[in-house]
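Participant: Quick one: sequence plus predicted model below, questions after.
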Amino acid sequence: MLLLGGEDVERQTKKVIINQARLSIIQGDITQQSTDAIVNAANPGLMGGGGVDGAIHRAGGLAILEECKQIVAKQGYLPTGKAVITTGGKLKAKYVIHTVGPIWHGGTKNEAALLASAYQESLKLAAENNLVSISFPSISTGAYGYPVAEAARVAAKAVASFLREQVTSIKEVVFVLFDSKTYDAYSSTLEEVMTQP
Ligand code: AR6
């Protein structure tokens with residue numbers, strides 16, 4: 001594991017290398033990312049919503065919604081912790097991976113495992129589609145109310161353990177964090193997680 005101080009490369013960027021893949025964090029808008037896929041923090045109905053979900057559907061256009069409708073018609077609502085893939089429509093990213101994070105209930109409803117699953121199922125789907133790069137928002141920490149510091153720890157651990165356990169097509173994972181509070185939480189967590197076995 002290699003910890004690089006990335007401030008000189010991109011303002012407020014931190015990155016680590018795990019098993020030939022780069023994991024980094026930036027502050028920004030995920031709809032502007034040009035990774036192969038961006039991940040949407042969706043809800044089980046997959047018909048769009050507020051927050052990052054609304055932003056992705058607005059920027060990507062109706063082609064995304066059309067595919068979401070077909071998926072729901074075929075397999076029903078998307079369970080929490082699972083993921084599906086659609087076109088990226090008008091986005092720079094070719095694909096959108098839609099996943100559903102848990103609603104925070106105080107930590108009593110298996111939230112951590114469900115949140116880890118949302119990240120890992122998204123990565124699995126990206127690898128099955130031979131994608132090289134993928135961006136994640138901070139799933140569940142907006143409307144779904146998951147405390148940011150705890151969610152950041154779960155997210156970083158879930159991604160790091162996926163990358164450690166296998167070499168796949170994925171060489172680049174980016175956490176794209178919308179505000180400075182969320183960025184700071186992921187920033188301190190990234191170092192913490194990386195220094196633990
Ligand atoms: N780029 C990156 N992050 C963003 C963006 C963006 N353009 N816009 C918001 N965020 P949320 P959740 C951040 O509420 O908690 C929706 O209505 C936001 O600041 O989008 O998983 C869905 O339809 C926060 O840090 O997702 C569901 O019903 C993070 O994205 C529900 O909300 C997640 O906030 C899902 O709730």
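Facilitator: Received, thanks.

Participant: Next to the ligand, which bits of this protein? Give me the list.
Facilitator: Within the chain, the positions adjacent to the ligand are 29-31, 41-43, 49-53, 55, 101, 137-144, 176, 178-179, 182 by C-beta under 6 Å from any ligand atom. Quick note: C-beta positions are derived from backbone N, CA and C, even for glycine.

Participant: Repeat the analysis, applying 8 Å as the threshold.
Facilitator: Applying C-beta under 8 Å from any ligand atom, we find that the chain lies next to the ligand at 28-31, 41-43, 48-56, 100-101, 103, 137-146, 148, 176-179, 182.

Participant: Buried subset of those, written for ChimeraX?
Facilitator: Here is the ChimeraX command that selects the buried residues among those (16 or more other C-beta atoms under 10 Å):
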select :28,30,31,41,42,43,48,49,51,52,53,55,56,100,101,137,138,139,140,141,142,144,146,148,176,177,178,182
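
Participant: From the residues of the chain next to the ligand, which land in strands?
Facilitator: Using DSSP state E, the members of the residues of the chain next to the ligand that fall within strands are 41, 176-177.

Participant: can you map out the strands along the protein?
Facilitator: Under DSSP E, the chain gives strands at 2-5, 14-18, 21-27, 37-41, 83-87, 95-99, 133-136, 172-177.

Participant: Report the angle between the fourth one and strand 172-177.
Facilitator: Between the axis of strand 37-41 and that of strand 172-177 there is an angle of 40 degrees, by axes from the mean of the first three to the mean of the last three C-alpha atoms, to 10 degrees.

Participant: Please name every helix or strand in contact with strand 37-41.
Facilitator: Packing partners of strand 37-41 (3 or more C-beta pairs under 8 Å, 6 or more residues apart in numbering; DSSP states H and E): helix 51-60, strand 95-99, strand 133-136.

Participant: Just the CA atoms of it, as CSV, please.
Facilitator: What follows is strand 37-41, C-alpha atoms only, in CSV (Å, rounded to 0.1, in the frame of the first residue of the first chain):
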residue,chain,number,x,y,z
ALA,A,37,-19.3,4.7,-14.5
ILE,A,38,-20.7,7.0,-11.8
VAL,A,39,-22.7,5.5,-9.0
ASN,A,40,-26.1,6.9,-8.1
ALA,A,41,-27.5,6.9,-4.6
